[in-house]
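A.B. asks: structure here, sequence nowhere to be found:
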Ligand code: ZN
């Protein structure tokens, strides 16, 4: 992907990550936690221009859950509330055992996409995600078996080595290679335009990408992704603010802004059907 792809004017896929698994309503009263709330948010974000929704399930008390039943309840609610949005389940997990992290892949039907972390991550003072190669490969195998297209999470530039390794030695994964270039604090890529360009330059041949940048970096670096021919992710999992000192009122407000920027830059926003085509998702 490159500036030439931007000039070609292909549609931009907007992914919304409305809830995450770390902060909850204590950080923003309108952060959706329950299945009905997340489904309502997903529908509003679809209306605003998002074609993919990245989901985490939570327990009744708001804590993160990997239980298949919780994911089933959530994914069913989201499918019922939306028109055709692509559902992506998170398999990322700080401190969760591999057995738990497989569970989001086992709903009926399985999600069309799921996140696949490429390696270790530290965040805040207390969160770490180990992501051994054996664990990454086990999740990739299960995604291949269930025809689930991974959103490959590169937390930093070194994880692009692991993407190359996965493609060379891993299972035959469905879909187009789709890498999420992640920038932020902790062991994420140091957020800067130069570092994003560097990650994009090091993507495998034929891959496409999206950009996740935390907090104040979400707006500038997702805008840069649009200019580099890539795709964008916005939402309360990664950023709670509309601008410095002003919280966003909703996930849909962040989606609507991403859409306006893309359209001003002469890239239309992908419908779910167009996103399925761009990502070469298997038909279900
Ligand atoms: Zn997530």
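C.D. replies: Perfect, I can see it now. Given the structure is predicted, the values throughout are model-derived calculations rather than measurements.
A.B. asks: which other residues reach the least confident helix or strand in the chain by mean pLDDT?
C.D. replies: Every helix and strand in the chain was compared by mean pLDDT, DSSP states H and E; the lowest is strand 127-129, with a mean of 84. Under the criterion C-beta atoms under 8 Å, 6 or more residues apart in numbering, residues 22, 92-95, 117, 120-122 lie in contact with strand 127-129. Bear in mind the C-beta positions are built from the backbone N, C-alpha and C, glycine included.
A.B. asks: in three-state terms, how would the closest residue to residue 25 other than its chain neighbours be classified?
C.D. replies: Of all residues not flanking residue 25 in the chain, residue 31 sits nearest, at 5.5 Å (C-beta to C-beta, 6 or more residues apart in numbering). Assigned by DSSP: H, G, I helix; E, B strand; the rest coil, the conformation of residue 31 is coil.
A.B. asks: which pLDDT value belongs to residue 31?
C.D. replies: If you check residue 31, the pLDDT there is 95.
A.B. asks: number of residues surrounding it?
C.D. replies: 23 (other C-beta atoms under 10 Å).
A.B. asks: quick one: residues contacting it.
C.D. replies: So residue 31 contacts 18-19, 23-25, 236, 240 (C-beta under 8 Å, 6+ apart).
A.B. asks: correct me if wrong: residue 263 contacts residue 256.
C.D. replies: No: using C-beta atoms under 8 Å, residue 263 is not in contact with residue 256, being 10.7 Å away.
A.B. asks: pull out the buried members of the contacts of residue 31.
C.D. replies: Neighbour counting by 16 or more other C-beta atoms under 10 Å classes 18-19, 24, 236, 240 among the contacts of residue 31 as buried.
A.B. asks: that older thread, packing partners of the helix or strand following the least confident helix or strand of the chain?
C.D. replies: The helix or strand immediately downstream of strand 127-129 is helix 133-145, counting by DSSP states H and E. Judged by 3 or more C-beta pairs under 8 Å, 6 or more residues apart in numbering; DSSP states H and E, the packing partners of helix 133-145 are helix 98-102, strand 113-117, strand 149-154, helix 159-169.
A.B. asks: the more surrounded of residue 263 and residue 256?
C.D. replies: More crowded of residue 263 and residue 256, by other C-beta under 10 Å: residue 256, with 19 against 14.
A.B. asks: how near is that one to residue 48?
C.D. replies: 4 Å (C-beta to C-beta, to the nearest Å).
A.B. asks: do residue 73 as well
C.D. replies: 24 Å.
A.B. asks: of the two, which one has the most company?
C.D. replies: residue 48 (21 against 17).
A.B. asks: look up the closest residue to residue 34, ignoring the ones flanking it.
C.D. replies: Nearest to residue 34 is residue 58, by C-beta to C-beta, 6+ apart, at 7.4 Å.
A.B. asks: surely the one you found meets residue 25?
C.D. replies: No: with contact defined as C-beta under 8 Å, residue 58 does not count as touching residue 25 (10.2 Å).
A.B. asks: common neighbours of these two, please.
C.D. replies: residue 33.
A.B. asks: mind listing the strands for the stretch 151-284 of the chain?
C.D. replies: Assigned strands in the stretch 151-284 of the chain, in chain order: 178-183, 208-213, 231-234, 241-243, 246-247 (criterion: DSSP state E, counting those that start in this stretch).
A.B. asks: could you identify which of those strands is most buried?
C.D. replies: strand 231-234 (a mean of 30; mean count of other C-beta atoms under 10 Å).
A.B. asks: state the distance from residue 79 to residue 211.
C.D. replies: From residue 79 across to residue 211, the span is 26 Å (C-beta to C-beta).
A.B. asks: go on, residue 72?
C.D. replies: Where residue 211 is concerned, residue 72 sits at a distance of 30 Å (C-beta to C-beta).
A.B. asks: point to the residue nearest the middle of this structure.
C.D. replies: residue 54 (5.3 Å; C-alpha atoms, centre = their mean).
A.B. asks: and that one, that's in a strand?
C.D. replies: Yes: under three-state DSSP, residue 54 sits within a strand.
A.B. asks: isn't it right next to residue 115, touching?
C.D. replies: Yes: here residue 54 reaches residue 115: they are 6.8 Å apart, a contact under C-beta under 8 Å.
A.B. asks: count the neighbours of residue 27 for me.
C.D. replies: Counted with other C-beta under 10 Å, residue 27 comes out at 12.
A.B. asks: thanks again, I'm all set now.
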